[in-house]
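A.B. asks: Make a model of this:
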Amino acid sequence: MPPDAERWTKQIQETIADTSAVREGLTDEDAIPLIDWGIACAQFLGQQISATAPTEEQVGALGYALTRLMTRLTWLVTYRHKKDAVWLTRTFQMVNQLGKELYGDGAPVVPDEEIAAWIAGHAAQSDSDLLRGLISRLTPPALATPPTAADSAAPATPTTSAQPAPKPLTADLFPITPPAPTEPVDSQSHTPPGGNDDQTQ
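C.D. replies: Numbers count the residues shown, from 1 in each chain. So this is what the prediction gives:
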């Protein structure tokens, strides 16, 4: 990984580590796949933006958008029995919007018919299954594509082989039993949505 990409990746991953809301209300078992996914997304974003010479503020905005996206996936799972279809739909719409902020117009989105089907059928599935399904659905194609045989067979360069394995972000986050979820919050101040849900922020 180029030095700049590594730097930006680390900054985004640190934002994830500092944002407890991304896993609030999830068990450790359910949260780990989400955190691992966030780590992979951060690495993907770091590599994508390294060629554009971004500012610290731009990278910070990406990290913030990614944690907001991850938090809303958590909300969909942990609040699905407490919130109505309107709230769930707005949350899905915000997920789609945040995905576009991160990945552009080619970002994976959940269309209206899939949102309606998810809302109608979520009660029959576990939190774990739902969360894994959302992660799979919202993974950018470039990130989901496995390495080719040629990539796997390519010899490692001295620079690559000499790099130590990065410390897993989950080592800093687990084992920690998350607290019981509070009402979902939004925006930089993380104020409760209340009657006028601020999902549009």
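
A.B. asks: could you say what helices and strands whichever strand or helix holds T71 packs with?
C.D. replies: Element membership for T71, per DSSP states H and E: helix 56-78. On a contact count with 3 or more Cβ pairs under 8 Å, 6 or more residues apart in numbering; DSSP states H and E, helix 56-78 meets helix 3-17, helix 28-49, helix 85-103, helix 127-137. No exception for glycine: its C-beta is placed from N, CA and C like everyone else's.

A.B. asks: For it, list the C-alpha coordinates in PDB.
C.D. replies: This file holds the C-alpha atoms of helix 56-78, laid out as PDB (Å, rounded to 0.1, in the frame of the first residue of the first chain):
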ATOM      1  CA  GLU A  56      -7.100  16.100   6.300                       C
ATOM      2  CA  GLU A  57     -10.600  17.600   6.400                       C
ATOM      3  CA  GLN A  58     -11.600  15.600   3.300                       C
ATOM      4  CA  VAL A  59     -10.300  12.400   4.800                       C
ATOM      5  CA  GLY A  60     -12.100  13.200   8.100                       C
ATOM      6  CA  ALA A  61     -15.300  13.700   6.200                       C
ATOM      7  CA  LEU A  62     -15.000  10.300   4.600                       C
ATOM      8  CA  GLY A  63     -14.400   8.700   8.000                       C
ATOM      9  CA  TYR A  64     -17.400  10.500   9.400                       C
ATOM     10  CA  ALA A  65     -19.600   9.400   6.500                       C
ATOM     11  CA  LEU A  66     -18.400   5.800   6.900                       C
ATOM     12  CA  THR A  67     -19.200   5.700  10.600                       C
ATOM     13  CA  ARG A  68     -22.600   7.200  10.000                       C
ATOM     14  CA  LEU A  69     -23.300   4.500   7.400                       C
ATOM     15  CA  MET A  70     -22.100   1.800   9.800                       C
ATOM     16  CA  THR A  71     -24.200   3.200  12.600                       C
ATOM     17  CA  ARG A  72     -27.300   3.200  10.500                       C
ATOM     18  CA  LEU A  73     -26.800  -0.500   9.700                       C
ATOM     19  CA  THR A  74     -26.700  -1.100  13.400                       C
ATOM     20  CA  TRP A  75     -29.800   1.000  13.900                       C
ATOM     21  CA  LEU A  76     -31.700  -1.000  11.300                       C
ATOM     22  CA  VAL A  77     -30.900  -4.200  13.100                       C
ATOM     23  CA  THR A  78     -31.300  -3.100  16.700                       C
END
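
A.B. asks: what's the average pLDDT for it?
C.D. replies: Per-region confidence: helix 56-78 scores 96 on mean pLDDT.

A.B. asks: Show me how far that helix is from its chain's centre.
C.D. replies: 6 Å (Cα atoms, centre = their mean, to the nearest Å).
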